[in-house]
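Q: Predicted model and sequence follow; I will ask about them next.
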Amino acid sequence: CPHCPTREETVHHLLLECPHYRRERHQLGRALGRKTTSIPYLLTDPEATTHLVRYINSTRRLKGIFGEVPLPTTRQN
């Protein structure tokens, strides 16, 4: 992790542990509640997708690789 030199940057660390992203994680928690601590929920539940993308964008961690990750669009039936 570029902010935690003794820690490997894993999905778990980026989403749940890195102290550098504490504020961003707090906003994610306000949006999703207790479910925020569940990686399977964050990565697979459609309810979490928009909030997770906002979190990723707010950390700016992937911006150099992917640019701004677009928010998902909702489908109209």
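A: Arrived safely.
Q: Roughly how far does residue 25 sit from residue 73?
A: To residue 73, residue 25 is 25 Å away according to CB to CB, to the nearest Å. All C-beta atoms are positioned from the backbone trio N, CA, C, and that covers glycine.
Q: Neighbour count for the two, which is higher?
A: Shown here are residue 25 and residue 73; by other CB atoms under 10 Å, residue 25 has more neighbours (21 against 7).
Q: any idea of the mean pLDDT for the helix or strand hosting the more buried one?
A: Per DSSP states H and E: residue 25 is located in helix 22-32. Looking at helix 22-32 alone, the average pLDDT works out to 96.
Q: which outside residues touch the longest helix belonging to the chain?
A: Taking DSSP state H as the criterion, the chain has its longest helix at helix 46-59. Outside of helix 46-59, the residues within contact range by CB atoms under 8 Å, 6 or more residues apart in numbering are 14-15, 21, 24-25, 27-28, 31-32, 35, 41-43, 62-63, 68-72.
Q: So which bits of the very next helix or strand once past that helix are buried?
A: Per DSSP H and E, the first helix or strand lying C-terminal to helix 46-59 is helix 63-66. Within helix 63-66, no residue counts as buried by 16 or more other CB atoms under 10 Å.
Q: Give me the helices and strands touching helix 63-66, please.
A: Helices and strands touching helix 63-66, as assessed by 3 or more CB pairs under 8 Å, 6 or more residues apart in numbering; DSSP states H and E, are absent.
Q: how about a cut-off of 10 Å?
A: Under the contact criterion of 3 or more CB pairs under 10 Å, 6 or more residues apart in numbering; DSSP states H and E, helix 63-66 touches helix 46-59.
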